[in-house]
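Engineer: give me the fold of what follows.
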Amino acid sequence: MGLFSRKEKQTARVLPPPPPSATRDDLDVARRVVQDFLVVVGNDASMRRTALAVSRAGGGPADLETAMRNIHETGETGIDRPWQWLAAVCREARSAGDAALIAAIALFVNIWDTQLRDKVGLADTTDMMLAPPPTEVAQEVYSVAVLALPDHAVNQQVVGNVSGSVRIGDVRMKCAIDVLGAGYAISPEVKAAAQRILDR
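Structural biologist: Numbers count the residues shown, from 1 in each chain. Next comes the predicted model:
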């Protein structure tokens, strides 16, 4: 009877934290960590270091052990939290009229979404504590970029590095292409704005 009467110790599961929000203070933090990444694109070691800084700024897990503990306690690793934070920052930047930051975040998301998605493995994720962005984050950031990046700023530089320079117009066009071509469920307003950018 003793064996059958033992009760296994159960760990109480807690709800995962709510999605992050952003304030005006977050805009400067995001600008710094995102720009730090963008200027080193092409340098693997520097990209890893600056990606980790983005993860930490956005509330990502400190390490793999923390991510595993998060799964045990809440059912989520927390690895997507930096992306949710960037989406929140993008919304706040739109409210603040900060086109430069919207463009930088959109470019950062696009690099991870289209160039790194198939290259980042588990070891890379563990190293940077950052995985490619969830679809809903990419969709939201591209939509904000399409709606909020103004015509008069298309020649403004977003970043310049050894690979060349990227202008706001380049980012806006890439986001328009991707938001229309990726099969996202987008609003009529976003669809119309993207089509106007591409002159369709």
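
Engineer: against L101, how distant is the most centrally placed residue in the chain?
Structural biologist: Centre of the chain computed as the mean C-alpha position; nearest residue by CA atoms, centre = their mean is W83, 3.4 Å away. Distance of W83 to L101, computed by CB to CB, to the nearest Å: 16 Å. In short, each C-beta sits where N, CA and C put it, glycine included.

Engineer: from A57, how far out is the residue nearest to the centre of the chain?
Structural biologist: Between W83 and A57 the distance is 12 Å, computed by CB to CB.

Engineer: now the helices for the protein?
Structural biologist: Listed in chain order, the helices of the chain (DSSP state H) span residues 2-5, 24-38, 44-57, 64-74, 81-96, 99-110, 122-128, 135-148, 168-181, 188-197.

Engineer: can you pull the buried residues of the second one?
Structural biologist: Spelled out, it's helix 24-38. Residues D26, L27, V29, A30, R31, V33, V34, Q35, D36, F37, L38 are the ones in helix 24-38 that count as buried (16 or more other CB atoms under 10 Å).

Engineer: how about the fifth one: what's its closest non-neighbour residue?
Structural biologist: In space, not counting the residues next to it along the chain, R31 is nearest to L101; the distance is 5.3 Å by CB to CB, 6 or more residues apart in numbering.
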